[in-house]
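# Coordinates for the following, if possible.
(chains A and B)
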Protein chains: 2
Amino acid sequence: MSAAIIGAGVIGAGWGARFALMGWDVSIYDPSNGARERFEAVYATACESLPALFEHTLPEPGKITWCDSVADTVANARWIQESAPEQLAIKYKVFAEIQAHCPEDAVLASSTSGFMPSELQKGALRPEQIIVAHPFNPVYLLPLAELVGDENTIARAKPIIEEIGMHPLHIKQEIEAHIADRFLEAVWREALWLVNDGIATTEEIDNAIRYGFGIRWAQMGLFETYRLAGGDEGMHHFIEQFGPTLEFPWTKLMDVPELTPELIKRIADQSDAQSGAYSIRDLERVRDANLVSMIRALKPRQYGAGALMNKIDERLVNSSASYHDDQLVTVHRTIPVDWMDYNGHMNESRYGQVFSDAADTVLRLCGADEAYVASGGSFFTVDCHIQYRNETLPGETVRCLTVIAPLDGKKLKLSHEMRRASDETVLSTAEQLLVHVDMSTRKSSLPPSHIASALTELREGQA
Amino acid sequence: MSAAIIGAGVIGAGWGARFALMGWDVSIYDPSNGARERFEAVYATACESLPALFEHTLPEPGKITWCDSVADTVANARWIQESAPEQLAIKYKVFAEIQAHCPEDAVLASSTSGFMPSELQKGALRPEQIIVAHPFNPVYLLPLAELVGDENTIARAKPIIEEIGMHPLHIKQEIEAHIADRFLEAVWREALWLVNDGIATTEEIDNAIRYGFGIRWAQMGLFETYRLAGGDEGMHHFIEQFGPTLEFPWTKLMDVPELTPELIKRIADQSDAQSGAYSIRDLERVRDANLVSMIRALKPRQYGAGALMNKIDERLVNSSASYHDDQLVTVHRTIPVDWMDYNGHMNESRYGQVFSDAADTVLRLCGADEAYVASGGSFFTVDCHIQYRNETLPGETVRCLTVIAPLDGKKLKLSHEMRRASDETVLSTAEQLLVHVDMSTRKSSLPPSHIASALTELREGQA
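Okay, here's the model as predicted:
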């Protein structure tokens, strides 16, 4: 599976990094000065954050190849992402060159935020091949792609977008700026007025957004949030109640303040006062760590972006046991940044989490999975002794190897060893004792024979 | 410290719950049918989520008193929150009654989203006493209050808003709908058009928001996000580049689609299809758990709402040792919902976190705090043995009691007991071994004498 990146600015590089980290081979064409260095910087940033969205290790990244021509770049591509400058004349030239050399059944997607497919397709060799796939920065973390264009091409595009961890939002009727950017533009215009009229500074506007509706929208969006405001009387009631305020002249929306040098300077100065203490690189790091931590925070309740990441996890989890040095591998993961403490290393409690996850793998492999818990049985940990041998740092990949002792009635004893995957250094060991529990009484009980025999089988697979 | 709540609908009840849980006595007046039951429901929800924002236990909640008259409600209030219906005639009547009986130096704040202070103050006994304090639902979790009005009154209001865990956003020039609701309205109008024109459903719009810019705005807001898009060339460059698109007719903003019965029905039907499988109560629970988890996710990097919660934590942390049953209390906290696993109880790794936090308390009390770590010394845990005695459930308050063994060279041994605070049931015990470390070499070393003697003193305080 191979993706071609035509134009590797912030957006194109973000696509390339996402495809590569999700296991696709990537070929890149960008003739501009310094393109390769800029891509490497984006890719390095993506390597630090994207894998940490998941509880399992991603497959090896795909191969990244730099090409000297569009023809070479697209020759074997299943997906071609065009992120050239937002000028139709440039895009027409690029599309012609791509379509002269690419497979006819490849998806040819444009990152454009402004142009509609009907505009992009004018004079094309195979118009229906060209669709819009509009992402959001940082492309390697934000899981939204707006898809607009021919139904058949989009039918081929959707599973690929899902495979690389994004939600394909199919917009069935083309419209200027698709959907999300229309909202961004509405807010941006209003924000420019507020700064222009001296009502609020850039920092005050950011605080109004992030302390209030921003964090609300991050998980539910607009309508589901308002559904709650309507309460038990429902959405119908809410709209009837809120309707009249729409007639108030609250927003200055349609016209735009003139972007005079004074206004531009005012915004730039306020932005410097607000964020100037940090470099763009610092801000990117903190943004990515924030996004990863917040998306991860939504995973347990299967909500929003967290639910999308859970789907990838389900794909990553091995349904069969795997072994390393003849021992059962129960965890193989990258340590996420939100597991760090003030000593700059993984907090001691997260070692416990790795061993808890390791026990879960053993239980899943022997049939004591979530469905079994729902059916009325489980194992609870009653004792755990952890020895901390070496520091573990965020971004490191670790492997947990587990030895299963013979089942002793209700008792299951596991011995874990957590190693740094790159050099096999032992980071920690643990002895863990679990007992089987009847979930209806929440008291200990003998496990059923199919679990006991699956454990024996698993034990016998190890050295 | 006493707050008066005049009108206890969703917003008024949210204010009341926040004030009470943050330790203020609250008196409430709401003559409408079922007001008390509705408040109790909001308060119960708030009790499940607000305390979980913090790493330390809040002081005892304040006393809640229901009053039969405005006069009784406001007589001793330092803060009076008016959340009556959005009709000026009603508000004028309420303000007159409040000002006839309240202390002259109380803050009299209105939750209004639509009216400006100059409108609210017309004909008032003490106009400058009336300000706007506009919150966001759920008031007990979202930390934003927009303050508009007289500078002196706002100077008194700000520290109170901060004390109850919110950010006072002082809007220095009054404007219809303040700031945040202007953005909400701009997006709402555009969303109504998109549904009206059949471009997108309510669910598609929510997905466009929450998978894309929503999660970006939840931490940085609008301008700081765009600062990043400008890259190293800065905000100036970004505006110049993005400016021209403002002249495209991308949004339909100024006019509003007529809210015909057909449009209202379409929205209500789409919302049912999207969220109808869940009751409002279910959605509230998941929303609150999402908000708590996402706000908590921002705490380690001191960002956005997480930074505001850290400030409260700093206030809650005891600077001196406290004892219970003659033992040192090292943790006293409510178990947050994001600590739960698929067995419906606190995950085993979170016991380790409680004991890690308990060790941090001992270290802080003996002077080995974050400043000490920055100066080059720390303690690392090398061994921990945990016994799990009983299940711990989210929402339970737990207390950790710690016994400090005499310092043995570089080695510090702690014995912890975690109890359910309500009935003293022992939930878990742990034996933990730490060693002192020189952070420049990250190797073990003898602790300095002031730390050793502080530990001895702490030890001698226990039974």
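# what residue ranges in the stretch 301-450 of chain A score low on pLDDT?
Applying pLDDT under 70 to the stretch 301-450 of chain A flags residues A:318-319.
# one more time with 90
The stretch 301-450 of chain A contains residues with pLDDT under 90 at A:301-327, A:332-344, A:369-371, A:394-397.
# quick one: the strands in the stretch 51-200 of chain A?
For the stretch 51-200 of chain A, applying DSSP state E, counting those that start in this stretch gives strands covering A:64-66, A:79-82, A:107-110, A:130-134, A:144-148, A:167-170.
# Please apply the same query to the stretch 201-350 of chain A.
A:323-324, A:327-334.
# and residue A:87, how many neighbours?
For residue A:87, the count of nearby residues is 10 (other CB atoms under 10 Å in any protein chain shown). (Each C-beta comes from the backbone N, C-alpha and C, glycine too.)
# List phi and psi for residue A:113.
phi -100, psi -20 (degrees, to the nearest 10).
# Excluding covalently adjacent residues, which one is nearest to residue A:411?
Closest residue to residue A:411 apart from its sequence neighbours, by CB to CB, 6 or more residues apart in numbering or on different chains: residue A:435 at 5.7 Å.
# Pairing partners for the one you found in the sheet, please.
Going by DSSP bridges, residue A:435 is paired in beta bridges with residue A:380, residue A:411.
# chain center to stretch A:159-173, what's the gap?
Relative to its chain's centre, stretch A:159-173 lies at 13 Å (CA atoms, centre = their mean, to the nearest Å).
# Give me the domain ranges for chain A.
Per automatic domain parsing, the structural domains of chain A span A:2-175, A:181-277, A:318-461.
# Redo these as CSV? Include distance to residue B:313.
Formatted as CSV, the domains of chain A follow (distance: least, CB to CB, whole Å):
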stretch, distance to residue B:313
domain A:2-175, 25
domain A:181-277, 17
domain A:318-461, 13
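# hmm, back to that, let me have the strands of the stretch 201-350 of chain A in JSON lines, adding distance to chain B and mean neighbour count as columns.
As requested, those are arranged in JSON lines below (distance: least, CB to the nearest CB, whole Å; neighbours: other CB atoms under 10 Å in any protein chain shown):
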{"stretch": "strand A:323-324", "distance to chain B": "23", "mean neighbour count": "13"}
{"stretch": "strand A:327-334", "distance to chain B": "12", "mean neighbour count": "21"}
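# Same list (those strands) but as CSV, adding distance to residue B:374.
Formatted as CSV, these follow (distance: least, CB to CB, whole Å):
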stretch, distance to residue B:374
strand A:323-324, 39
strand A:327-334, 27
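# right, so of those, which gets closest to residue B:428?
When the strands of the stretch 201-350 of chain A are compared by CB to CB, strand A:327-334 sits nearest residue B:428, at 22.9 Å.
# follow-up on the earlier one: mind checking the strands of the stretch 51-200 of chain A for the one nearest to chain B?
strand A:144-148 (3.8 Å; CB to the nearest CB).
# mean confidence for that closest one?
Strand A:144-148 shows a mean pLDDT of 97.
# how about that strand as CSV, C-alpha atoms only?
Taking C-alpha atoms only, strand A:144-148 is exported to CSV below (Å, rounded to 0.1, in the frame of the first residue of the first chain):
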residue,chain,number,x,y,z
LEU,A,144,-11.1,14.5,10.6
ALA,A,145,-11.1,14.4,6.8
GLU,A,146,-14.0,16.0,5.0
LEU,A,147,-14.6,14.1,1.8
VAL,A,148,-16.5,15.7,-1.2
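# what lines up beside it in the sheet?
Sheet pairing of strand A:144-148 (DSSP bridges) gives strand A:130-134 (antiparallel), strand A:167-170 (parallel).
# Report back the residue of chain A that's furthest from centre.
residue A:409 (42.8 Å; CA atoms, centre = their mean).
# ok, now which ones touch it?
residue A:446 (CB atoms under 8 Å, 6 or more residues apart in numbering or on different chains).
# Okay, it and chain B: tell me how far apart.
18 Å (CB to the nearest CB, to the nearest Å).
# Check the spacing between that residue and residue A:444 real quick.
9 Å (CB to CB, to the nearest Å).
# With residue A:226 instead?
Distance from residue A:226 to residue A:444, by CB to CB: 48 Å.
# same question, residue A:372
Distance, residue A:372 to residue A:444, by CB to CB: 16 Å.
# Same check on residue A:282?
Per CB to CB, residue A:282 is found 52 Å from residue A:444.
# Over to residue A:290?
Per CB to CB, residue A:290 is found 42 Å from residue A:444.
# Same check on residue A:41?
Distance of residue A:41 to residue A:444, given as CB to CB: 55 Å.
# now swap in residue A:455 and tell me
Residue A:455 sits 16 Å away from residue A:444, going by CB to CB.
# With neighbour numbers in mind, choose between these two.
residue A:455 (22 against 15).
# Now for the more buried one: which residues touch it?
Applying CB under 8 Å, 6+ apart, we find residue A:455 in contact with A:362, A:366, A:404, A:407, A:412.
# ok, now with 10 Å
Residue A:455 sits next to A:362-363, A:365-368, A:404-407, A:412, A:447 when contact means CB atoms under 10 Å, 6 or more residues apart in numbering or on different chains.
# now swap in residue A:146 and tell me
Per CB under 10 Å, 6+ apart, neighbours of residue A:146: A:113, A:132-136, A:167-171, A:177-181, B:200, B:204, B:207-208, B:211-212.
# One more pass at 8 Å, please.
Counting by CB under 8 Å, 6+ apart, residue A:146 has contacts A:132-134, A:169, A:171, A:178-180, B:208.
# Could you count how many residues lie near the nearest residue to residue A:270 once chain neighbours are set aside?
Leaving aside its sequence neighbours, residue A:270 sits nearest to residue A:202 (CB to CB, 6+ apart; 4.2 Å). Other residues near residue A:202 come to 27 when the count uses other CB under 10 Å.
# distance of residue A:202 from residue A:266?
According to CB to CB, residue A:202 and residue A:266 sit 9 Å apart.
# any residues in contact with both of these two?
With CB under 8 Å, 6+ apart as the test, residue A:202 and residue A:266 both reach residue A:195.
# Skipping adjacent residues, who's closest to residue A:51 in space?
Distances taken as CB to CB, 6+ apart put residue A:334 closest to residue A:51, at 4.4 Å, once the chain neighbours are dropped.
# which ones are touching that neighbour?
Residue A:334 neighbours (CB under 8 Å, 6+ apart): A:51-52, A:57, A:395-397.
# Neighbours of residue A:59, how many?
When neighbours are counted by other CB under 10 Å, residue A:59 registers 9.
# Adding mean neighbour count, write the strands paired with strand A:144-148 out as JSON lines.
Converted to JSON lines, those look like this (neighbours: other CB atoms under 10 Å in any protein chain shown):
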{"stretch": "strand A:130-134", "mean neighbour count": "25"}
{"stretch": "strand A:167-170", "mean neighbour count": "20"}
